[in-house]
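*Asks:* turn this into a model:
(chains A, B and C)
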Amino acid sequence: MTHALAALDAFKSAAPQAGDWASILPEILVAGLGVFALLQALTLPASGRWLIPAVARVGLLLAGFLAYQAGESEGARFGGLLQQDASTHLWRQLFLLCALLTSLVGGRFFRQRGADEAEFHHILLLVTASLMMLAQSSHVVTFFVALETATVGLYVLCGFLRRSAASLEAGVRYLVAGGLSSALLLMGFVLLHGVAGMHLPKGADPLQFASIAAALLGHGGEPLALVGAALVLAGLGFKLGAFPFHGWVPDVYQGAPTPTTALLATASKSAGVVGLVLVVSGPLAPLAAKLSPVLAVLAGGSLLAGNLAALGSSDTKRALALSGVSHAGFLLAGIAGLVTLRSQEGVFGAADIALPIVLAYLLAYVLGTFATMGALAALPAESDERRPLVALRGLIRRSPSLAAGLTLGIGSLAGIPPSIGFFAKVLILWVLVSAEAWTLLALAVVSVAVSIHYYFSIIREATVRTAPDGEVPPRIPLLDRALPLGLGILTVLLGLGSLIKAALG
Amino acid sequence: MESTTLAHHLLLAALVFCAGLTGVLVRRNLLVTYMCLELMLAATMLALVAFSRFNGTMDGAVLVFFVITVAAAEVAVGLALIVALFRRTGAVGSDRLDSLADR
Amino acid sequence: MPDPLFVFIAALTLGACCLLVASRNPVTSAMGMILALVGIAAEFFLLDAYFLGVLQVLVYAGAVMVLFLFIIMLLDVQPPGGAYPWKRALAGGAAFLLLSAAAFALLAPEGSLAKAAGPTPPELAANPESYATAAKAFGRSLYTKYMLPLQMAGLLLLLALVGVVTLAKAPKSAD
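*Replies:* Have a look, this model is predicted:
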């Protein structure tokens, strides 16, 4: 008996403590809501099903509040499986924002097309919870499991319109790209773990990011470690949709249901960014000098490949997908700058604000993308996967509010002042100047100039060209019209706010 | 066993991984492509177990446990997608998937 | 020279991989895959990871591959007609040779990688739980240190279940 009690005590002290669970309360809340959505679907009568999205949205706001409250807490949790710091809570809020906007865009969209809202919200909430876990992982096991949970959920959301061949095809294509990415990423981590295990003292955990970094500090030049690092970068490059791993992006973004496309473009890309940031500032930090040129090549390639391909595209969703590749290039440029700045000491502490700048860029990108995709999702179309540019012709007559939301969102994505997108781009350029990455800076400026061409062709179709005669203005519910417009106005207000702040400060 | 070194085991894992990667790149049948992806994951597990054995750590073996779980879930969802696509279009060859071509 | 048993298993596994990648008949491919997975499980046994070896056979070679075979039969996938695509096979073979040459170059140098593990290294014999030879050590590890990822894996399985049901059930008519 005493023996059993002693064993129980040993178990209790080794198991996660209450404080550990309390630190991931927002994630637990979101995942719990995901399960609750299923229970509601089982018990609610058909007339009460509006509760499912409502409960999910309120819960997401509540989780955002909890994450905001946790703003100061830092430290290792769960015996080093998680690591929280100030930026963790910002990432969490970003993912919650993406989920809330996807729920707002997707709710009616899927209901109209005969897909089930309860399952949509279940999957969306679980994906969000695991992305939030990913943002605080400091161990290969949590990193891998969190990333895979999110990816599996996104496979389903891509194929969610199961009556549409294009949606299923997008799901299958994403499945192959995602599977390849996971295999490469995992192999990379395995090699890094092996190198770490060979050099660490007995008892150290070679899957912990900090111990991998400690081992690579002395042995980072070993070929096995370098191959491992390259595989990890390739795996994350697939997730980000960065050059040269962007082949799947246009097909998947175009074929997926528009709310899923918005989620892929924002949350999944943010997951790639946060994963990359965690990896380059954790296990691969000792290789910074070797990493920054590689990241710069990926960034420059993405900027060029995305923009040049988008120039020739006649489909709105496809053009936006390819422009997303160039946005990934901007984000990678920011990360490359971050890595370079970290490896050189004392540039006005520029390295410390490079990460918040990447986050600010993502926020601008999220708002712009949801304004644009929200407007597209609200527009009736023959098929969701074909939204040619000409279909937008004369939108300003048919639905002025949607046209305004679309224009403001695109303006922010293009980086037109005074939108928030403009400031985000300027800040990234500032990081590149601080890091003295002149080639990348030149590429970024050229790509902004190129991108304005195709962004403006979308705006021109929507606002300048006149609609074909005899077209009946569609009836679009208030929420669907208000969301893109509200987000579009928000991008301008935030931009003006930062302008005033910059002028005063 | 005395003279089978870590390098031998890793080499086998690497060759299996490369075979899977080749299959993903050249095969056109979706089901076979998907099997090749699973083969790549199995190769990473082999490398993990080999490292764990030779470095004497437990954590790598635990990761294998999670990889098996994740792979099983992924296969279930992936096959459901492939079957749904097949029922919709009647094709499993990835070069016959063309409803997304940029026209 | 490596152990003959290892050479046998490695040859079997690689042969099965070739069968998987090169065969035009999906059923043959699936059989190759099963053989490769059994070979990898045998490797696990050689590496003293008995629990994982059993798990591999049960989950992978058992459940997953049966699912694959079932789907192949269900969809009645026929091998494509026409001549064997030699060009693509040659390209694939060349790619494979290139990749494996790189792997050889990476792993050939005699260094820390060339170390041999004795049948039971002394530190493992003294402290068998430092290395997973028993399911008990796994259970302890999963329910203490790795409690959090275990819960996440549970949610992943639920998510996959709901996802599969969503994708498979008959579509409702739109309103």
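
*Asks:* count of neighbours near residue 50?
*Replies:* The chain I'm using is chain A. A:Trp50 sits with 12 neighbouring residues when counted by other CB atoms under 10 Å in any protein chain shown. Any C-beta I mention is one placed from the backbone N, CA and C, and that applies to glycine too.

*Asks:* actually, chain C is the one I wanted.
*Replies:* With other CB under 10 Å as criterion, C:Tyr50 counts 15.

*Asks:* check C:Leu19 too.
*Replies:* By other CB under 10 Å, 17 other residues sit near C:Leu19.

*Asks:* show me where chain C dips below the pLDDT cut-off.
*Replies:* Regions of chain C meeting the criterion pLDDT under 70 cover residues C:1, C:109-134, C:170-175.

*Asks:* that one - how does it break down into domains?
*Replies:* Structurally, chain C divides into domains by automatic domain parsing as follows: C:1-77, C:134-169.

*Asks:* is chain A contacted by the first one?
*Replies:* No - for domain C:1-77, no contact with chain A is found by CB under 8 Å from any CB of the partner chain; the gap never falls below 13.3 Å.

*Asks:* is that domain positioned near chain B?
*Replies:* Yes - counting by CB under 8 Å from any CB, contacts between domain C:1-77 and chain B involve C:1-3, C:5-6, C:10, C:13-14, C:17-18, C:20-21, C:26, C:29-30, C:33, C:36-37, C:40, C:43-44, C:46-49, C:52, C:55-56, C:59-60, C:63-64, C:67-68, C:71-72, C:74-75, C:77.

*Asks:* list the contacts for the residue most central in space within chain C?
*Replies:* Taking CA atoms, centre = their mean, the centroid of chain C lies closest to C:Leu37, which sits 5.1 Å from it. Neighbouring residues of C:Leu37 by CB atoms under 8 Å, 6 or more residues apart in numbering or on different chains: B:Ala42, C:Gln56, C:Val57, C:Tyr60, C:Ala61, C:Met65.

*Asks:* top of those residues by neighbour count?
*Replies:* B:Ala42 (28 neighbours).

*Asks:* enumerate the residues of the stretch 1-150 of chain A near chain B.
*Replies:* Checking the stretch 1-150 of chain A against chain B by CB under 8 Å from any CB, the hits are A:Val140, A:Val141, A:Phe144, A:Val145, A:Glu148.

*Asks:* quick revisit: what strand or helix carries the residue nearest to the centre of chain C?
*Replies:* For C:Leu37, the host element (DSSP states H and E) is helix C:26-46.

*Asks:* likewise C:Leu12?
*Replies:* Assigned by DSSP H and E, C:Leu12 falls in helix C:4-22.

*Asks:* and the angle from that helix to helix C:26-46?
*Replies:* Comparing the axes of helix C:4-22 and helix C:26-46 via axes from the mean of the first three to the mean of the last three CA atoms, to 10 degrees yields an angle of 160 degrees.

*Asks:* buried set for helix C:4-22?
*Replies:* C:Phe6, C:Ile9, C:Ala10, C:Thr13, C:Leu14, C:Ala16, C:Cys17, C:Cys18, C:Leu19, C:Leu20, C:Val21, C:Ala22 (16 or more other CB atoms under 10 Å in any protein chain shown).

*Asks:* what residues does the helix or strand following the helix holding C:Leu37 touch?
*Replies:* Along the chain past helix C:26-46, the next helix or strand (assigned with DSSP H and E) turns out to be helix C:50-55. Residues outside helix C:50-55 that contact it (CB under 8 Å, 6+ apart): B:45, B:49, B:61, B:64-65, B:68, C:41-42, C:44-45, C:132-135, C:138.

*Asks:* can we see that at 6 Å?
*Replies:* Applying CB atoms under 6 Å, 6 or more residues apart in numbering or on different chains, the contact partners of helix C:50-55 are B:Val64, C:Ala41, C:Phe44, C:Phe45, C:Ala135.

*Asks:* ok, and the closest non-adjacent residue to whichever residue of chain B sits closest to chain A?
*Replies:* Using CB to the nearest CB, the single residue of chain B nearest to chain A is B:Asn55, 3.4 Å away. Once flanking residues are discounted, B:Asn55 sits nearest to A:Gly197: 3.4 Å by CB to CB, 6 or more residues apart in numbering or on different chains.

*Asks:* ok, now which ones touch the one you found?
*Replies:* Contacts of A:Gly197 by CB under 6 Å, 6+ apart are A:Pro206, B:Phe51, B:Asn55, B:Thr57.

*Asks:* mind redoing it with 10 Å?
*Replies:* A:Gly197 is in contact with A:204-207, A:211-212, A:215, B:51-52, B:54-57, B:59-60, counting by CB atoms under 10 Å, 6 or more residues apart in numbering or on different chains.

*Asks:* neighbours around A:Pro244, how many?
*Replies:* As a burial measure, A:Pro244 scores 12 neighbours (other CB under 10 Å).

*Asks:* gap between the residue nearest in space to the middle of chain B and C:Ala10?
*Replies:* Nearest residue to the geometric centre of chain B (CA atoms, centre = their mean): B:Glu38, 2.2 Å. According to CB to CB, to the nearest Å, B:Glu38 and C:Ala10 sit 19 Å apart.

*Asks:* likewise C:Phe51?
*Replies:* With distances taken as CB to CB, C:Phe51 is found 22 Å from C:Ala10.

*Asks:* which stretches of chain B have low pLDDT?
*Replies:* Checking chain B against pLDDT under 70 turns up B:1-3, B:91-103.

*Asks:* roughly how far apart are C:Leu14 and chain A?
*Replies:* Distance from C:Leu14 to chain A, counting by CB to the nearest CB, to the nearest Å: 18 Å.

*Asks:* who's in contact with that residue?
*Replies:* Here C:Leu14 is in contact with B:Leu12, B:Leu15, B:Val16, B:Ala19, C:Ala36, C:Gly39, C:Ser100 (CB under 10 Å, 6+ apart).

*Asks:* of those, which is the most crowded?
*Replies:* C:Ala36 (30 neighbours).

*Asks:* next, the buried residues of the biggest helix by length in chain B.
*Replies:* Secondary structure assigned by DSSP state H gives helix B:59-89 as the longest helix of chain B. For helix B:59-89, burial by neighbour count (16+ other CB under 10 Å) applies to B:59-86, B:88.

*Asks:* among these, which are in reach of chain A?
*Replies:* B:59-60, B:62-67, B:69-71, B:73-86, B:88 (CB under 10 Å from any CB of the partner chain).

*Asks:* okay, helices next: where are they in the stretch 1-150 of chain A?
*Replies:* A:2-14, A:18-23, A:25-43, A:51-69, A:86-112, A:117-134, A:140-158 (DSSP state H, counting those that start in this stretch).

*Asks:* give me the distance from the first one to the chain's centre.
*Replies:* The chain centre lies 43 Å from the centre of helix A:2-14; the measure is CA atoms, centre = their mean, to the nearest Å.

*Asks:* show me what contacts the nearest residue to A:Phe95 once chain neighbours are set aside?
*Replies:* Residue nearest to A:Phe95 in three dimensions, not counting chain neighbours: A:Leu131, with 4.7 Å by CB to CB, 6+ apart. With contacts defined as CB under 10 Å, 6+ apart, A:Leu131 is in contact with A:27, A:30, A:91-92, A:94-96, A:98-99, A:146-147, A:149-150, A:153-154, A:267-268, A:270-271, A:274-275.
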